[in-house]
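> Provide a 3D model corresponding to the input given below.
(chains A and B)
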Number of protein chains: 2
Amino acid sequence: MKEPLKNQTIGFVGLGQMGYPIARTLVQAGFPVRVFDVREERIAPLVALGAIPAACLAEVVEPGGVVISMVPGDTELCQIALNDPGIVRQLGPGGLHLSLSTISPDVVLSLTKYYATQGVALVAATVSGRPEAAATRQLSVYVSGNAAAKDHARPILETIGSTLYDLGPAVESAVVMKLAANYLILAALVAMGSAATFVERHGLERELFLRAMRESVLFQGSAVYAGYGRMIGALDYSDENFSTALGLKDASLIVHEAERLGLKLPVAQQAYDALLAAQAAGHGKQSWAVLAEYAEKILEDHPQRNQ
Amino acid sequence: MKEPLKNQTIGFVGLGQMGYPIARTLVQAGFPVRVFDVREERIAPLVALGAIPAACLAEVVEPGGVVISMVPGDTELCQIALNDPGIVRQLGPGGLHLSLSTISPDVVLSLTKYYATQGVALVAATVSGRPEAAATRQLSVYVSGNAAAKDHARPILETIGSTLYDLGPAVESAVVMKLAANYLILAALVAMGSAATFVERHGLERELFLRAMRESVLFQGSAVYAGYGRMIGALDYSDENFSTALGLKDASLIVHEAERLGLKLPVAQQAYDALLAAQAAGHGKQSWAVLAEYAEKILEDHPQRNQ
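Numbers count the residues shown, from 1 in each chain, chains lettered A, B, ... in the order given. Next comes the predicted model:
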């Protein structure tokens, strides 16, 4: 039997838009948490709440302990996991790495296999919901991997979200779930953008239409249609909670995974192209909902697609 | 000033999945309503609640009165409006026809212009929400047309739904709004079907994924993701509330309207093709959500689209 998690210091790497509120929830719930981010200014407010600061990645990890990471994607995860000093070597036998990032199913599987050769468990967990949901513990949490390792991580997972879905032993399942969820969001963004254009061409106000949709029983209550619908209606994408750059990474993972599966997802490709166009136009830091403005444009630029 | 609507008998034509609960709401609210449908068995239950039966279309219409119609589409509307005996000639000067059907923007505009030459007002109103929402008065109602005629119809419109949106004087706006709303639903159905396939190819259960989506803050509360998500998760499309045949009619209107506008809506085309394939496979009476099963298939059948 492992030491109860509440008495064991947890390392937390990556204090971004989602990582920060999740780490704060753990600190506020009484977990001893050692926090690290490459941006020093993200650390101090958590230390004020009782977290222990770490000056570098090596300071976060206790041999045989638990490390949580919430980094942007494959590249960053492989860096912190495998570089020297990296999480896997520092954790060593008995250690547990709980990765919350949205990454490639293949990469999480490869990392897990390598980790196993070092006696380290990798558990994948992903979360659905925006930073507000993270701050108010309304996240949905999807977890997959080795059963004993998931049991060990359970107190953490049950603290950070409102609903926990155990997707079984295949470690990549949690990221598959998240990619599919993000595909639904991308499809909704493309659709809202196109529908807004459709009503505008008839002289109706896009905001009136999108407001009516989020007020109707059709889409009432959905954070996707409410939050992103407001942005698309107001043409205001200044919200930086989930950026075009991050969306581009996720859309790329979805397109790549669909290709690998031989599955045709033209909307994912359209969303990817629109995000790329939005980033090229300088919207990389704005909300990924800005793709709604480019979903039509990129079709106009490639007229052969509809011929 | 017109006679108050509550003392004037309203004609109601078309007692289908949506027309029936809307007519019932009006009867229960105390409006004198004369009801007609080509299927006699739809009339009796409303008569039991206090409605007046009509044996034919001519019996529904009082000269200078008000007639509401909820028929499937352009063809049926033009038949009841223009055939002899038709609504427009029977209503005559001062009459009001309130059309609730989802039809072509062009057709509603043409009819309105012709009606005006006969002294008859045509007001277009459309409703968002399934039959359950109609039964519990949770419909969103979009109305457009001549201001005085809309004022006359207002007591009816405020009775049948929970929220009324006045879209201004352009009579086609109400149907444009409804087509855009249905495009959002079509896009969500295609996306849910594709995402379900995506997770299944990874060995995850489609129902688990779709349940997690409707339980998450992302889509929680939305009748589209809850109701249709259940059908797509369970592969059970036996619900006949909104059929593939009706969906095909709406998708066709959207595709046609997008073409007229020069607007590219590949998802509308994909949904239309999927509905056509579903109907050809014998699913015409089943829920239009069955298109989720065909959205991928029709892409497989046309490999040149992704090349």
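
> when you work out contacts or count neighbours from here on, use the C-alpha atoms and nothing else.
OK.

> who in the stretch 1-150 of chain A is up against chain B?
Proximity of the stretch 1-150 of chain A to chain B, by Cα under 8 Å from any Cα of the partner chain, involves residues A:S128, A:G129, A:A133, A:Q138, A:L139, A:S140.

> thought A:D273 was touching A:K297?
No - counting by Cα atoms under 8 Å, A:D273 sits too far from A:K297 to count as a contact (9.9 Å).

> picking that back up, narrow the residues of the stretch 1-150 of chain A next to chain B to those in helices?
Under the assignment DSSP state H, the residues of the stretch 1-150 of chain A next to chain B contribute A:A133 to helices.

> reformat the residues of the stretch 1-150 of chain A next to chain B as CSV; add neighbour count and pLDDT.
As requested, those are exported to CSV (neighbours: other Cα atoms under 10 Å in any protein chain shown; pLDDT from 0 to 100):
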residue, neighbour count, pLDDT
A:S128, 22, 91
A:G129, 20, 86
A:A133, 23, 88
A:Q138, 20, 90
A:L139, 25, 93
A:S140, 25, 95
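
> tell me which of A:D273 and A:K297 has more neighbours.
Comparing A:D273 with A:K297 by other Cα atoms under 10 Å in any protein chain shown, the one with more neighbours is A:D273, at 21 against 15.

> can you tell me how far the more buried one is from chain B?
Using Cα to the nearest Cα, to the nearest Å, A:D273 is found at 14 Å from chain B.

> nearest residue to that residue other than its sequence neighbours?
With sequence-adjacent residues excluded and distances taken as Cα to Cα, 6 or more residues apart in numbering or on different chains, A:D273 is closest to A:I298, at 6.8 Å.

> neighbours around that neighbour, how many?
Using other Cα under 10 Å, A:I298 has 19 other residues around it.

> helix or strand for it, which one?
Following DSSP states H and E, one finds A:I298 within helix A:291-301.

> in strands only, show me the residues of the stretch 1-150 of chain A next to chain B.
Those of the residues of the stretch 1-150 of chain A next to chain B mapping onto strands are A:S128, A:S140, per DSSP state E.

> before we move on, back to that, which other helices and strands contact the helix holding A:I298?
Packing partners of helix A:291-301 (3 or more Cα pairs under 8 Å, 6 or more residues apart in numbering or on different chains; DSSP states H and E): helix A:173-201, helix A:266-280.

> got the angle for the first one vs helix B:266-280?
What that stands for is helix A:173-201. Between helix A:173-201 and helix B:266-280, the angle comes out at 100 degrees (axes from the mean of the first three to the mean of the last three Cα atoms, to 10 degrees).

> swap in the shortest one?
Between helix A:266-280 and helix B:266-280, the angle formed by their directions is 180 degrees, by the same axes, to 10 degrees.

> and helix A:266-280, what does it pack onto?
Helix A:266-280 packs on helix A:173-201, helix A:244-261, helix A:291-301, going by 3+ Cα pairs under 8 Å, 6+ apart.

> got the contact list for A:E257?
By Cα atoms under 8 Å, 6 or more residues apart in numbering or on different chains, the residues touching A:E257 are A:S104.

> ok, now A:A55?
A:F36.

> cool, A:G221 as well?
Contacts of A:G221 by Cα under 8 Å, 6+ apart are A:R214, B:F219, B:Q220, B:G221, B:S222.

> so A:L210 versus A:G247, what's the distance?
Going from A:L210 to A:G247 by Cα to Cα, to the nearest Å gives 22 Å.

> how about low-confidence regions in the stretch 201-307 of chain A?
A:302-307 (pLDDT under 70).

> which parts of it sit against chain B?
A:201-202, A:204, A:209, A:212-213, A:216-225, A:258, A:261, A:263-267, A:296, A:299-300, A:305-306.

> now which of those would you call buried?
The neighbour count (16 or more other Cα atoms under 10 Å in any protein chain shown) marks A:201, A:204, A:209, A:212-213, A:216-225, A:258, A:263-267, A:296, A:299 as buried among those.

> sheet partners, orientation included, of the helix or strand containing A:V123?
Assessed by DSSP H and E, A:V123 sits inside strand A:121-128. Paired neighbours of strand A:121-128 in the sheet (DSSP bridges): strand A:96-99 (parallel), strand A:140-144 (antiparallel).

> tell me who's in contact with the closest residue to A:V35 other than its chain neighbours.
Distances taken as Cα to Cα, 6+ apart place A:F12 nearest to A:V35, at 4.8 Å, with adjacent residues excluded. Residues counted as contacts of A:F12 (Cα under 8 Å, 6+ apart) are A:A23, A:V33, A:R34, A:V35, A:F36, A:V60, A:V67, A:I68, A:S69, A:M70.

> do A:A180 as well
The contact partners of A:A180, taken as Cα under 8 Å, 6+ apart, are A:I254, B:A195, B:A196, B:F198, B:V199.

> hmm, try it at 10 Å
Neighbour list for A:A180: A:186, A:254, B:191-192, B:194-199, B:209-210, B:213 [criterion: Cα atoms under 10 Å, 6 or more residues apart in numbering or on different chains].

> just to revisit the earlier point, quick one, which of A:L210 and A:G247 is more surrounded?
With neighbours defined as other Cα under 10 Å, A:L210 and A:G247 compare such that A:L210 has more, 27 against 22.

> that one and B:I52, how far apart?
According to Cα to Cα, A:L210 stands 39 Å off from B:I52.

> got it, and A:V255?
According to Cα to Cα, A:V255 stands 58 Å off from B:I52.

> the more surrounded of the two?
Neighbour comparison, A:V255 and B:I52: the larger count goes to A:V255, with 23 against 20 (by other Cα under 10 Å).

> so the more buried one is in contact with B:F198, correct?
No - contact criterion Cα atoms under 10 Å: A:V255 and B:F198 do not qualify, at 11.1 Å.

> so what sits against both of those two?
Residues touching both A:V255 and B:F198 (Cα under 10 Å, 6+ apart) are A:L179, A:Y183, A:L261, A:L263, A:K264, A:L265.

> among those, which one lies nearest to B:T75?
For the shared contacts of A:V255 and B:F198, the residue nearest B:T75 by Cα to Cα is A:L265; the value is 34.9 Å.

> ok so, going back, I'd assumed the residue nearest to A:V35 was in a helix, is it?
No - under DSSP: H, G, I helix; E, B strand; the rest coil, A:F12 sits outside any helix and is assigned strand.

> now do the same for it: its pLDDT.
As predicted, A:F12 sits at a pLDDT of 98.

> gap between it and B:R230?
Using Cα to Cα, A:F12 is found at 37 Å from B:R230.

> also A:V66?
For A:V66, the distance to B:R230 equals 38 Å [Cα to Cα].

> between these two, tell me which one has more neighbours.
Taking other Cα under 10 Å, A:V66 and B:R230 do not tie; A:V66 has more neighbours (25 against 19).

> got the contact list for A:I87?
A:57-58, A:60-63, A:66-69, A:77-81, A:95-97, A:115, A:120.

> just how off-centre is stretch A:186-202 within its chain?
On the basis of Cα atoms, centre = their mean, to the nearest Å, stretch A:186-202 sits 25 Å off its chain's mean C-alpha point.

> restrict that stretch to CA atoms and write it as PDB.
What follows is stretch A:186-202, C-alpha atoms only, in PDB (Å, rounded to 0.1, in the frame of the first residue of the first chain):
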ATOM      1  CA  LEU A 186     -14.200  22.600 -33.800                       C
ATOM      2  CA  ALA A 187     -17.200  21.400 -35.800                       C
ATOM      3  CA  ALA A 188     -19.500  23.700 -33.700                       C
ATOM      4  CA  LEU A 189     -17.200  26.600 -34.300                       C
ATOM      5  CA  VAL A 190     -17.100  26.100 -38.100                       C
ATOM      6  CA  ALA A 191     -20.900  25.600 -38.100                       C
ATOM      7  CA  MET A 192     -21.500  28.800 -36.000                       C
ATOM      8  CA  GLY A 193     -19.300  30.800 -38.300                       C
ATOM      9  CA  SER A 194     -21.000  29.500 -41.500                       C
ATOM     10  CA  ALA A 195     -24.500  30.000 -40.100                       C
ATOM     11  CA  ALA A 196     -23.600  33.500 -39.000                       C
ATOM     12  CA  THR A 197     -22.500  34.200 -42.600                       C
ATOM     13  CA  PHE A 198     -25.700  32.600 -43.900                       C
ATOM     14  CA  VAL A 199     -28.000  34.900 -41.900                       C
ATOM     15  CA  GLU A 200     -25.800  38.000 -42.600                       C
ATOM     16  CA  ARG A 201     -26.100  37.400 -46.300                       C
ATOM     17  CA  HIS A 202     -29.900  37.700 -45.700                       C
END
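
> thank you, goodbye.
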